[in-house]
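got a structure for you, letters missing:
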């Protein structure tokens, strides 16, 4: 393993400093090859005991968009329908079934979760949220822009896309090549001394 290298400014700009939440999109497709490349980076991020509970449904076709549309809050409809891709970031409530594959060094890892609803929910939501953030960073690293959002009917999306109840939606993220025309200035962020402590 090579020593960790500090990223150059252009990479830091793409991932953080110049990255924005996009609401308008260029008319450019996101290819299946690029979608898979994004996932192949995102899947490498750490999760609790490598449990990897996130599941991603990439809404791309006109038919799939129409299935999603009724479950979006009014303010999210136009930007989502115009995005080339919308990821439903979900989590698998039976993620522990994959523990023998994902965490083979501990033969009893499945038992840490199976039959423990509170532990399952907490682990799936926390690690699944991390994986959703990894997906956004991977997309930005590969030249894409993101528009993560709440503002949807959770029960409606779960019923429409995850009728068996095993997967559950966490949040949505529009993905594509952003159109910055008319984009307002970035909102303020809390400074270190308001948001952090060093003890």
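Nice, thanks for sending it over. The structure displayed is predicted, hence computed values, not measured ones.

so which residue is dead centre in this protein?
Nearest to the mean C-alpha position of the chain, by C-alpha atoms, centre = their mean, lies residue 132 at 2.5 Å.

list the contacts of the host helix or strand of residue 159.
In the assignment (DSSP states H and E), residue 159 maps to helix 154-161. Here helix 154-161 makes contact (C-beta atoms under 8 Å, 6 or more residues apart in numbering) with 57, 67, 68, 70, 71, 88, 90, 165, 167, 168, 169. All C-beta atoms are positioned from the backbone trio N, CA, C, and that covers glycine.

helices of the protein, start to end?
Per DSSP state H, the chain has helices spanning 9-12, 32-42, 62-68, 74-82, 99-102, 117-141, 154-161, 192-195. These are given in chain order.

how about those helices in CSV, adding mean pLDDT and distance to residue 52?
Converted to CSV, the helices of the chain look like this (pLDDT from 0 to 100; distance: least, C-beta to C-beta, whole Å):
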stretch, mean pLDDT, distance to residue 52
helix 9-12, 96, 25
helix 32-42, 98, 10
helix 62-68, 98, 24
helix 74-82, 97, 26
helix 99-102, 98, 6
helix 117-141, 98, 7
helix 154-161, 98, 20
helix 192-195, 98, 29
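
closest to residue 23 out of those helices?
Smallest distance to residue 23 across these (C-beta to C-beta): 4.5 Å, for helix 74-82.

in its sheet, what does the longest strand along the chain sit against?
Ranked by residue count and defined by DSSP state E, the top strand of the chain is strand 167-176. Strand pairing for strand 167-176, determined by DSSP bridges: strand 85-92 (antiparallel), strand 145-149 (antiparallel).

count the neighbours of residue 49 for me.
Counted by other C-beta atoms under 10 Å, the residues lying close to residue 49 total 17.

over to residue 24?
18.

re the thing from before, now the longest strand of the chain: average pLDDT?
For strand 167-176, mean pLDDT is 98.

please renumber the chain so that the first residue is 6 from this point on.
Okay, using 6 as the starting number, the last item reads as strand 172-181.

report the inter-axis angle for that strand versus helix 79-87.
Orientation check (axes from the mean of the first three to the mean of the last three C-alpha atoms, to 10 degrees): strand 172-181 against helix 79-87 gives 60 degrees.
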